[in-house]
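S.K.: show me the folded form of this:
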Amino acid sequence: MGEGEGRTGKPGTVYLVGAGPGDPGLITVKGMECLKKADAVVYDRLASPRLLRYLRPDAERIYVGKAEGRHTLTQDEIQELLVRLAQDGKTVVRLKGGDPFVFGRGGEEAEFLVEHGIPFEVVPGVTSAVAVPAYAGIPVTHRDHTPSFAVVTGHEDPEKETSWIDWDRLSTGVGTLIFLMGVGRLAGIVEQLTAHGRPGTTPVALIRWGTRMEQETVTGTLDTIVDEVRRRNFRSPAVIVVGEVVGLRERLNWFERKPLFGKRILVTRAREQASALSAQIEDLGGEAVEFPAIRIEPPASWADLDEALTRSDLKWIVLTSRHAVESVWSRMRALELDVRRLSGVRMAAVGPATAEALRERGVIPELTASEYRGQALAETLVPHIASGDVVLLPRSNLASRDVPEVLSAAGAAVVEAEAYRTEPGCEGAEEVRGLLREGRIHAVTFTSSSTVRFFLQGIGEEARPWLEHVPAFCIGPVTAATARELGLKVAGVAEQATVDSLVDLLAREMEAGAIRNGG
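M.R.: Predicted coordinates for the structure are as follows:
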């Protein structure tokens, strides 16, 4: 087998993908497409690990992050790894923070791939040189301040005898200067700039972990910034911005003023439901950590639901969750039952999410509960049923007895059918325990009693003390009661049992100071 050829006769392709500076939303559409088809991903410290959730379950994940003085693999070893993976016929993504060709050593990796006959593509990314200042409210150019900017490595020692940086021209010849990887050499950079004519009064900003929830910004001037950074114990990774545009931050600082900025919120919903809540948290500047405390599985047998759907005497179908709607329609397709079969069957939905799931399928529910819980739906339905009406109740294996008991007491012939199973999930438990132990979770959200129970089961008793100062926010009173019963600190209950209402609650409580600051 010749060099560069895999078992299939030809090597796989290596994609050098820029992940952006940290916010996973800044990856390009093409970059995301590459991630989804990758067999193996080789990723950096500065690439958001949240992007890994988009990989196929069987994709190989290889961390090669570099911190100052600590390398998981050397650059040569990384390059050899890329070749080896491609020679095995794999589609490889080299996921790099920022842009692979802006101080990302992507050029070196591309040359090495060419030397070994490995096909490659470059997928440019949003560079931290522009994005990080933007998230700190600093435009790198501005019509009233400067028409030019330069991006300079801060990793070169400015005091060495031979430098590739022309400090004499750079210091006064460019409006905005952006130094990447330069925190450890800040004093030398400042010394060179002032020695070559840049006024000591020039504004300076350092932005740490830019575009992320942890973003931190320190400002000063060339005369004061070194002392300020030392006083704050400000460390890498950070972008350094030098120029008059830094003065615009006071007016344009948009990201750090978002309601949930700096807050890491734990989302315990099932994986298939978590994205809507996570997206809203991140839109408000927080970071959503998804820990699916539950997972939704098919029932052990579809027999009861299948038999119920083929009955000709159904009067009502009472749907207490979106999952129930999905299961009913899934089984109708499997049984090749025409939806017109339900033309005489009336539908009731527990709340807006369940009602919307019906609307998506062309059905308008006749009843929706005023309070978004099962018992309230049953009580709303009672005046509309006659004695002997056959009511189908597709539900979870863990559903409470409230609904069938209320309906049966009213004279309904209740047909219960297991439509899905709610099972414990523990994916990512070790990571969540670590975040709790380090005090890096600022709030936890619960959307059902089962998420509370399975969350506590998933993280284990050892994590109980770490939850003492973590406020819990619940989607409804039943969920809140369960959380309190199990010893959690409930800080708030959403006014309505909806994701929108839960996020509004989080934002209000943040402004009121109920969610503590932390790392």
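S.K.: burial count for Leu436?
M.R.: Residues near Leu436, counting by other C-beta atoms under 10 Å, number 20. Where you see a C-beta, it was placed from the backbone N, CA and C, and this is true even at glycine.
S.K.: please, which helix or strand holds it?
M.R.: helix 429-437 (DSSP states H and E).
S.K.: cool, and Gln273?
M.R.: Following DSSP H and E, one finds Gln273 within helix 271-283.
S.K.: tell me the domain boundaries of this protein?
M.R.: Listed by automatic domain parsing, the domain ranges of the chain are 14-126, 130-257, 264-293+425-512, 303-422.
S.K.: would a markdown table of those domains with mean pLDDT be doable?
M.R.: Conversion of those to a markdown table gives the following (pLDDT from 0 to 100):
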| stretch | mean pLDDT |
| --- | --- |
| domain 14-126 | 91 |
| domain 130-257 | 93 |
| domain 264-293+425-512 | 90 |
| domain 303-422 | 89 |
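S.K.: what's the spacing between stretch 119-126 and its chain's center?
M.R.: Remark: stretch 119-126 is offset 23 Å from the chain centroid, using C-alpha atoms, centre = their mean, to the nearest Å.
S.K.: how about it: buried residues?
M.R.: Neighbour-count burial for stretch 119-126 flags 120, 122-126 (criterion: 16 or more other C-beta atoms under 10 Å).
S.K.: so what would you say the end-to-end distance of that stretch is?
M.R.: 23 Å (C-alpha to C-alpha, to the nearest Å).
S.K.: helix/strand/coil for the most centrally placed residue in the chain?
M.R.: The central residue of the chain, meaning the one whose C-alpha is nearest the mean C-alpha position (C-alpha atoms, centre = their mean), is Ala288 at 5.2 Å. Per DSSP: H, G, I helix; E, B strand; the rest coil, the secondary structure class of Ala288 is strand.
S.K.: what's opposite it in the beta bridge?
M.R.: Beta-bridge pairing of Ala288, defined through DSSP bridges, involves Ile265.
S.K.: I figured it hits Leu277, correct?
M.R.: Yes. Distance between Ala288 and Leu277: 7.0 Å, which falls inside the contact criterion (C-beta atoms under 8 Å).
S.K.: Gly175: how many residues sit nearby?
M.R.: 18.
S.K.: what of Lys90?
M.R.: The burial count assigned to Lys90 is 19, neighbours taken as other C-beta under 10 Å.
S.K.: to which secondary structure element is it assigned?
M.R.: No secondary structure element spans Lys90, as it lies outside all helices and strands (assigned by DSSP H and E).
S.K.: contacting residues around it?
M.R.: Shown here is Lys90, whose contacts under the criterion C-beta atoms under 8 Å, 6 or more residues apart in numbering are 6, 12, 39-40, 60.
S.K.: from Glu77, how far off is the closest residue to it other than its chain neighbours?
M.R.: Excluding the flanking residues, the one nearest Lys90 by C-beta to C-beta, 6 or more residues apart in numbering is Asp39, at 3.9 Å. The gap separating Asp39 from Glu77 is 20 Å, by C-beta to C-beta, to the nearest Å.
S.K.: ok, these two, which is more surrounded?
M.R.: Neighbours were counted for Asp39 and for Glu77 using other C-beta under 10 Å; Asp39 has more, 18 against 12.
S.K.: quick one: contacts for the residue nearest to Lys90?
M.R.: Counting by C-beta under 8 Å, 6+ apart, Asp39 touches 12, 59-60, 85, 90-92.
S.K.: need the buried ones from the residues you listed selected in ChimeraX.
M.R.: Below is the selection syntax for ChimeraX that covers the buried ones among the contacts of Asp39, with 16+ other C-beta under 10 Å defining burial:
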select :12,59,85,90,91,92
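S.K.: now, among the contacts of Asp39, which is nearest to Gly513?
M.R.: Nearest to Gly513, judged by C-beta to C-beta, of those is Ala59 at 42.0 Å.
S.K.: and for the closest residue to the closest one other than its chain neighbours, the neighbour number?
M.R.: Among residues not flanking Ala59 along the chain, Ala38 sits closest, at 5.4 Å (C-beta to C-beta, 6+ apart). Ala38 has 24 neighbours, counted by other C-beta under 10 Å.
S.K.: ok, Ala38 - contacts?
M.R.: With contacts defined as C-beta under 8 Å, 6+ apart, Ala38 is in contact with 15, 55-56, 59, 91-93.
S.K.: helix, strand or coil for the residue of the chain most remote from its centre?
M.R.: Relative to the centre of the chain, and counting by C-alpha atoms, centre = their mean, the farthest-placed residue is Ser387 at 49.4 Å. Using three-state DSSP as the criterion, the local structure at Ser387 reads coil.
S.K.: just checking, next helix/strand downstream of the helix holding Leu436?
M.R.: Downstream of helix 429-437, the next assigned helix or strand under DSSP H and E is strand 443-446.
S.K.: ok, Glu109 touching Gln79?
M.R.: Yes. Because the distance of 5.6 Å satisfies C-beta under 8 Å, Glu109 is recorded as touching Gln79.
S.K.: about what we covered before: pick out whichever of the contacts of Lys90 sits closest to Asp168.
M.R.: Relative to Asp168, the closest of the contacts of Lys90 is Ala40; by C-beta to C-beta it sits at 46.0 Å.
S.K.: give the contact list for the nearest residue to that closest one once chain neighbours are set aside.
M.R.: In space, Ala40 comes closest to Glu60 once its chain neighbours are excluded; the distance is 4.0 Å by C-beta to C-beta, 6+ apart. Taking C-beta under 8 Å, 6+ apart as the contact definition, Glu60 lies against 39-41, 85, 90.
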